[in-house]
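A.B. asks: what would the 3D arrangement of this be:
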Amino acid sequence: MSDTWKVSIPCTRAEARILSEDNLFVSSSDSTPTIVASETDPKHPDAWMIDVYCQMPPDAELLGNLLLLSPSASATGVQPLVERLADEDWVTLSQQGLEPLRAGRFHVHTASDRPSGNPKLVNICIDAGQAFGTGHHETTMGCLLSLDQLRRTGHRFRNIADIGTGTGLLAFAAHYLWRDAKTIASDIDPVAVTVTGANAAQNAIPLGNDRSHVRLVQSNGLDHPSLGQRAPYDLIIANILAGPLVALAPQITAAAKPGTVLLLAGLLSRQKAEVVRAYVREGFRLKHSRLDNEWPCLTLVKARKYGWTRKPHRKKSPLASDYFGEC
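C.D. replies: Presented below is the predicted three-dimensional model:
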């Protein structure tokens with residue numbers, strides 16, 4: 001038997017969105033849980049399940065958090081189901097059966113599915129594995145659509161960074177859209193970096209430091225020296241969580257220049273204002289916000305000139321929206 005444990009609890013769709021944020025599951029154990037949210041019955045769209053995977057038996061704090069954060073289950077007296085799993089690749093199993101998806105010009109599929117024969121579409125093969133980011137979550141889908149829109153509106157980028165790359169999907173999409181660019185993809189998880197390398201080989205994407213290549217690094221935020229050496233970037237992608245996005249605002253700003261386009265995702269609608277404020281303070285302005293099932297994808301631009309002065313005879317302090325548009 002393996003040392004992987006699974007804790008499951010039914011919940012509503014709204015609860016699943018909240019529960020699936022990793023930072024809600026800090027417990028007294030040394031393991032870092034992984035959360036998978038899934039719909040259990042297509043005929044009942046509010047019937048969802050949260051599965052929490054961890055490398056140690058779940059402690060009382062984790063189980064208590066689940067009950068606290070799933071009031072619908074608590075109200076009916078449902079207790080979390082705890083299982084010890086067999087020695088299997090449970091991440092792959094949890095993602096099997098994913099259907100190919102279309103996002104703008106991108107057709108994302110697994111190796112078991114046939115690529116699209118439409119010459120106008122870009123095929124990207126991403127197998128389920130020990131890293132997340134197959135494109136099926138609203139945050140990744142929103143980023144793919146936003147990247148496609150940037151290309152359609154004539155944007156050109158030559159120096160791109162994908163922070164928190166997961167499976168590499170967004171870095172690959174940017175590579176296909178701007179073939180002459182230098183792209184660097186980073187993740188704090190060494191498994192994600194390994195998976196991205198394998199996915200790059202499967203999609204015939206060259207790895208390295210040159211133009212038309214993708215460089216892979218393991219990094220906590222933008223701490224890796226290569227990320228600093230390549231800065232400033234004209235496109236930065238960060239599909240992570242709201243907390244890290246806010247914390248990384250100074251680092252991301254330091255790696256940007258006037259006119260840099262910033263694509264942010266991984267936050268919920270209720271977290272949008274906080275994230276936008278963090279970047280407006282650093283000189284970005286919000287250009288577009290795409291929303292899919294309470295998951296915004298934000299497109300911001302580093303202002304060429306920013307800051308403000310009080311207008312004469314104005315009685316109240318100016319709002320950021322007065323100068324950068326509505327957030």
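A.B. asks: excluding chain neighbours, what is closest to residue 144?
C.D. replies: Spatially, and ignoring its direct neighbours in sequence, residue 144 is nearest to residue 103 (3.8 Å; C-beta to C-beta, 6 or more residues apart in numbering). No exception for glycine: its C-beta is placed from N, CA and C like everyone else's.
A.B. asks: so where do the strands sit in the stretch 201-327 of the chain?
C.D. replies: 214-218, 235-239, 261-265, 284-292, 295-302 (DSSP state E, counting those that start in this stretch).
A.B. asks: a markdown table for those, including distance to residue 114 and mean neighbour count?
C.D. replies: What follows is these, written out as a markdown table (distance: least, C-beta to C-beta, whole Å; neighbours: other C-beta atoms under 10 Å):
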| stretch | distance to residue 114 | mean neighbour count |
| --- | --- | --- |
| strand 214-218 | 25 | 20 |
| strand 235-239 | 27 | 25 |
| strand 261-265 | 29 | 26 |
| strand 284-292 | 26 | 17 |
| strand 295-302 | 29 | 22 |
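A.B. asks: looking at the ones you listed, which is nearest to residue 69?
C.D. replies: When the strands of the stretch 201-327 of the chain are compared by C-beta to C-beta, strand 295-302 sits nearest residue 69, at 18.1 Å.
A.B. asks: for the closest one, which strands pair with it and how are they oriented?
C.D. replies: Neighbouring strands of strand 295-302 in its sheet, by DSSP bridges, are strand 261-265 (antiparallel), strand 284-292 (antiparallel).
A.B. asks: what's the single longest helix in the protein?
C.D. replies: The single longest helix within the chain, with elements called by DSSP state H, is helix 138-152.
A.B. asks: pLDDT on the host helix or strand of residue 176, on average?
C.D. replies: Element membership of residue 176, judged by DSSP states H and E, is helix 169-177. Per-residue pLDDT over helix 169-177 has a mean of 96.
A.B. asks: for it, name the packing helices and strands.
C.D. replies: strand 106-109, strand 122-125, helix 138-152, strand 159-163, strand 182-187, helix 190-202, strand 214-218, strand 235-239 (3 or more C-beta pairs under 8 Å, 6 or more residues apart in numbering; DSSP states H and E).
A.B. asks: switch the cut-off to 7 Å
C.D. replies: Judged by 3 or more C-beta pairs under 7 Å, 6 or more residues apart in numbering; DSSP states H and E, helix 169-177 is in contact with strand 122-125, helix 138-152, strand 159-163, strand 182-187, strand 235-239.
A.B. asks: what's the angle from it to helix 190-202?
C.D. replies: 30 degrees (axes from the mean of the first three to the mean of the last three C-alpha atoms, to 10 degrees).
A.B. asks: coming back round to it: okay if I get the helices and strands packed on helix 169-177 as a markdown table plus mean pLDDT and distance to residue 76?
C.D. replies: Below are the helices and strands packed on helix 169-177 laid out as a markdown table (pLDDT from 0 to 100; distance: least, C-beta to C-beta, whole Å):
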| stretch | mean pLDDT | distance to residue 76 |
| --- | --- | --- |
| strand 122-125 | 91 | 42 |
| helix 138-152 | 90 | 28 |
| strand 159-163 | 97 | 41 |
| strand 182-187 | 96 | 39 |
| strand 235-239 | 96 | 35 |
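A.B. asks: quick one: closest of those to residue 218.
C.D. replies: Nearest of those (C-beta to C-beta): strand 182-187, 6.5 Å.
A.B. asks: now do the end-to-end distance for stretch 272-289.
C.D. replies: End-to-end distance for stretch 272-289: 10 Å, by C-alpha to C-alpha, to the nearest Å.
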